[in-house]
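[1] Structure for the following, please:
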Amino acid sequence: FVSGPSTIDVTAAADILLDNAGNDFGGAVGFTSRNVNLKDANAIILGPGDASGTLAVLANGIGQGGALSVTGASTFTSPGGDISLGNPLNALTSEVSFTGKNVQVSDALALMIASGTASGTMDLLGAKIGQASPVSATGASTLTATAGDIVFLLANSLGGTLGFSGSNVSINNILPTALGTGSATGSFTLTSGGAVTQGAGALGINGPSSVTATGADITLGGPANALAGGIIFHGKNVSISNTLDLAMAGTATGNLSVDASGDITDTGPVSAGGTASFNATGAGTASSSAAAATISRPDRTRPSAAP
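    This next block holds a predicted model:
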């Protein structure tokens with residue numbers, strides 16, 4: 001048992017191997033070495049730390065008191081506790097793996113997830129965010145790419161509310177998807193294994209959006225949504241609200257409902273198996289090739305394929 005802070009410095013060509021399951025570091029653990037392997041029977045506080053090779057940490061709770069710099073792969077394992085590595089100065093050059101309850105990982109560089117499981121919430125931040133294998137999070141997930149894209153296209157299981165911010169954002173979720181606040185300066189692509197719903201947060205997408213929920217409903221009813229680049233959709237019953245003009249294409253095997261604060265236009269085929277309703281408020285106009293469309297404005301309601 002070490003009650004106070006620990007600082008372990010070895011030569012750049014040597015490793016630190018403190019992997020006895022009975023270790024108990026009471027204070028922060030700082031290190032400078034090549035490959036670093038640390039275990040703690042209780043919670044551990046890391047940093048500042050510099051590993052020119054790999055870093056592997058196993059503890060019942062992982063936090064940090066200073067920034068981490070790791071050239072090789074990083075692995076953080078806390079099966080019954082949280083992983084809180086939110087220092088924005090962390091430099092995790094290679095792939096990151098994690099297993100924990102509530103997980104927070106920040107990286108000043110591009111963040112590549114080798115594997116990830118969070119039984120609670122997941123909060124990831126990097127210049128870019130990518131993945132090498134599927135990621136699972138039971139609680140809410142927040143993905144933030146400060147200077148690039150988010151590419152999460154594997155068979156991810158994101159069970160809670162999903163929030164995001166990045167340039168071009170591409171996400172695949174094999175579960176139903178509950179969207180929170182989301183912004184993309186470029187495009188947004190979402191493929192969901194179940195219904196797509198939206199909570200109180202708004203979507204702000206500068207480029208084109210594509211949302212697919214084959215056989216399930218898509219409900220993007222946020223009153224502050226700003227889908228500037230239009231949307232392509234594929235789902236069952238589809239409902240979309242937008243504060244701007246809306247250009248669209250897609251298929252709803254059930255009903256289709258679209259509300260926009262400007263013009264509504266179709267940039268490709270629009271198909272609705274049930275009723276199709278378009279509401280262009282203000283001075284907007286609505287046009288669509290959807291069969292049996294009902295196009296409405298405050299001063300008129302009529303079935304039509306053109307305004």
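[2] Mind pulling the model confidence for the most centrally placed residue in the chain?
    Of all residues in the chain, the one closest to the mean position by C-alpha atoms, centre = their mean is Leu143, 3.7 Å from it. Listed pLDDT for Leu143 reads 98.
[3] Tell me if I'm right that it and Gly166 touch.
    Yes - between Leu143 and Gly166 there is a contact under C-beta atoms under 8 Å: 7.1 Å. In short, each C-beta sits where N, CA and C put it, glycine included.
[4] Overlap in contacts, those two.
    Common contacts of Leu143 and Gly166, defined by C-beta atoms under 8 Å, 6 or more residues apart in numbering, comprise 129, 150.
[5] need the next SSE after whichever strand or helix holds Leu17, C-terminal direction.
    Element membership for Leu17, per DSSP states H and E: strand 16-18. Where DSSP H and E defines the elements, the next helix or strand beyond strand 16-18 is strand 28-33.
[6] helices and strands around that following strand, which ones?
    Under the contact criterion of 3 or more C-beta pairs under 8 Å, 6 or more residues apart in numbering; DSSP states H and E, strand 28-33 touches strand 6-9, strand 44-51.
[7] what angle separates it from strand 44-51?
    20 degrees (axes from the mean of the first three to the mean of the last three C-alpha atoms, to 10 degrees).
[8] so how far is strand 28-33 off the chain centroid?
    For strand 28-33, the separation from the chain centroid amounts to 31 Å (computed by C-alpha atoms, centre = their mean, to the nearest Å).
[9] so what strands line up beside the helix or strand just after that strand?
    Sequence-wise, the next helix or strand downstream of strand 28-33 (DSSP H and E) is strand 36-39. Using DSSP bridges, the strands paired with strand 36-39 are strand 16-18 (parallel), strand 55-58 (parallel).
[10] which parts of the first one are buried?
    So that's strand 16-18. If you call a residue buried by 16 or more other C-beta atoms under 10 Å, then strand 16-18 has these buried ones: Ile16.
[11] Would you check how far apart the residue lying closest to Gly193 once chain neighbours are set aside and Ala213 are?
    Leaving aside its chain neighbours, Gly193 sits nearest to Ile174 (4.0 Å; criterion: C-beta to C-beta, 6 or more residues apart in numbering). Distance, Ile174 to Ala213, using C-beta to C-beta, to the nearest Å: 12 Å.
[12] higher neighbour count, these two?
    Ala213 (25 against 16; other C-beta atoms under 10 Å).
[13] Quick check on the more buried one: phi, psi?
    phi -140, psi 80 (degrees, to the nearest 10).
[14] roughly how far apart are it and Ala272?
    Remark: distance between Ala213 and Ala272 (C-beta to C-beta) = 15 Å.
[15] Then Gly215?
    Counting by C-beta to C-beta, the gap between Gly215 and Ala272 amounts to 15 Å.
[16] More neighbours: the two, which one.
    Taking neighbours as other C-beta under 10 Å, Gly215 and Ala272 compare with Ala272 leading, 22 against 12.
[17] Surely the residue nearest to Gly193 touches Leu154?
    No - between Ile174 and Leu154 there is no contact under C-beta under 8 Å: 9.4 Å.
[18] ok, then the element right after the strand or helix carrying Val211?
    Val211 belongs to strand 209-212 when assigned by DSSP H and E. Remark: after strand 209-212, the chain's next helix or strand is strand 218-220, criterion DSSP H and E.
[19] on that earlier part again, what sits against the residue nearest to Gly193?
    155-157, 193 are the contacts of Ile174 under C-beta under 8 Å, 6+ apart.
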